[in-house]
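1. Next input, structure requested:
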Amino acid sequence: MAGYSAAMELILWIIAVVLVVAGILALFRRQILWGIVLIVVGLLVGPGGVSIFNN
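-> Numbers count the residues shown, from 1 in each chain. Now for the predicted structure:
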């Protein structure tokens, strides 16, 4: 199961990075609320931070 865990961690990192980058881009387009929501969700999904997928 170590391979599955490493693969899931990589996928979560990629999703988190995409969400945070999309949030930053939304902030630049003056979509403040949407940008903040995307950044917070990206930080929650990321395995390095507070992940909602951890047991």
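
2. From the chain's centre, how far out is the helix ranked longest in the chain? Work that out for me.
-> Looking across the chain with DSSP state H, the single longest helix is helix 2-28. Relative to the chain's own centre, helix 2-28 is displaced by 4 Å; criterion: Cα atoms, centre = their mean, to the nearest Å.

3. list the helices and strands that helix packs on?
-> The contact analysis (3 or more Cβ pairs under 8 Å, 6 or more residues apart in numbering; DSSP states H and E) places helix 2-28 against helix 32-45. The way it works is simple: take the backbone N, C-alpha and C, and place the C-beta from them, glycine included.

4. Hey, what's the angle from the helix it packs on to helix 2-28? Just curious.
-> Helix 32-45 and helix 2-28 are oriented at 160 degrees to each other (axes from the mean of the first three to the mean of the last three Cα atoms, to 10 degrees).

5. ok now helix 32-45, how far from the chain's centre?
-> 8 Å.

6. do stretch 18-34 as well
-> Distance, stretch centre to chain centre, for stretch 18-34: 13 Å (Cα atoms, centre = their mean).

7. buried residues in that stretch?
-> Using 16 or more other Cβ atoms under 10 Å as the test for burial, stretch 18-34 gives Leu19, Val20, Ala22, Gly23, Ala26, Leu27.

8. confidence score at the second one?
-> The predicted local distance difference test score for Val20 is 93.

9. what does Gly46 give?
-> Per-residue confidence at Gly46 stands at 76 (pLDDT).

10. okay, Ile52: pLDDT?
-> The confidence metric pLDDT takes the value 57 at Ile52.
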